[in-house]
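In: below are the sequence and a predicted model; questions follow.
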Amino acid sequence: MKATVLGDSEIRSVLRSQLSQKHACKSRTVFIEELGLCRGQVRVDLSVVNGLLHGYEIKSDRDSLRRLNGQIELYGKVFDRATLVVGVRHLAEALDSVPEWWGVLLARRSAKGLQLKTMRAARSNPKKDPRALVELLWLDDALAMLEERDAARGYRGKARWIVWDRVCELCSLNEIAKAVRTQLKTRAKKRGPS
């Protein structure tokens, strides 16, 4: 009898469960499924938001790696850490193609059920893009950052990209990243458990 090929939903369920257990004692951790980046150019399978922003991309054995290079580029603009979760079929190519700072988890069946094995741990992203990161803020959130610096005059009523540009001029990457994490957590908590 031939084993069924692992699919995205099965891997996602186990990944979410393991991450929930790992972060159970951290009340400030939230999970966001299908987070859009760079004005919706990509959607991240699962994001973990706490003191870091960590994105997880799932490529089951049913998937292709065709879009992976574009995802790597855009994830690299925003995430503190990123991890690719792959089936056996994609493991060798994944280890060769993702940047060294990306983690790689292998999803495979065992006698104990679906297991996720760390093949490479995620490390800190050496280069994020403040402009791509600030786009995760809603207009009101970005204006609030300007108001904190008494710099909102003339920007209320402007297009969001103009406000985002001004935030990038006045705020450090760390300030923007902290504001993004705070707002993502606030939104996730308002929506309730996903």
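Out: In hand now; what should we look at?

In: got the contact list for the lengthiest helix in the chain?
Out: If you go by DSSP state H, the chain has its longest helix at helix 173-191. For helix 173-191, contacts defined as CB atoms under 8 Å, 6 or more residues apart in numbering pick out 28, 30-32, 35, 47, 49-53, 80, 128, 130, 133-134, 136-138, 141, 145, 167-168, 171, 194. Bear in mind the C-beta positions are built from the backbone N, C-alpha and C, glycine included.

In: wait, doesn't Val49 sit right on Glu33?
Out: No. If you go by CB atoms under 8 Å, Val49 and Glu33 don't touch, sitting 11.8 Å apart.

In: so which strand or helix has Ser47?
Out: In this structure, Ser47 sits in strand 42-49 according to DSSP states H and E.

In: give the rounded mean pLDDT of that strand.
Out: The average pLDDT for strand 42-49 rounds to 94.

In: for the helix or strand following it, packing partners?
Out: Downstream of strand 42-49, the first helix or strand assigned by DSSP H and E is strand 53-59. Packing partners of strand 53-59 (3 or more CB pairs under 8 Å, 6 or more residues apart in numbering; DSSP states H and E): helix 8-22, strand 42-49, helix 68-78, strand 81-87, helix 173-191.

In: pairing partners for strand 53-59, with directions?
Out: Here strand 53-59 has these sheet partners by DSSP bridges: strand 42-49 (antiparallel), strand 81-87 (parallel).

In: what is the neighbour count of Trp161?
Out: Per other CB atoms under 10 Å, the neighbour tally for Trp161 reads 14.

In: what's near enough to touch the residue most central in space within the chain?
Out: Nearest residue to the geometric centre of the chain (CA atoms, centre = their mean): Gly55, 2.7 Å. Neighbour list for Gly55: Leu35, Val44, Asp45, Leu46, Ser47, Tyr75, Val78, Phe79, Arg81, Ala82, Thr83 [criterion: CB under 8 Å, 6+ apart].

In: do the same with Gly51
Out: Contacts of Gly51 by CB under 8 Å, 6+ apart are Arg28, Arg181.

In: domains of this structure?
Out: Here the domain parsing of the chain from automatic domain parsing is 8-120, 130-191.

In: chain center to the last one, what's the gap?
Out: Between the centre of domain 130-191 and the centre of its chain there are 18 Å (CA atoms, centre = their mean, to the nearest Å).
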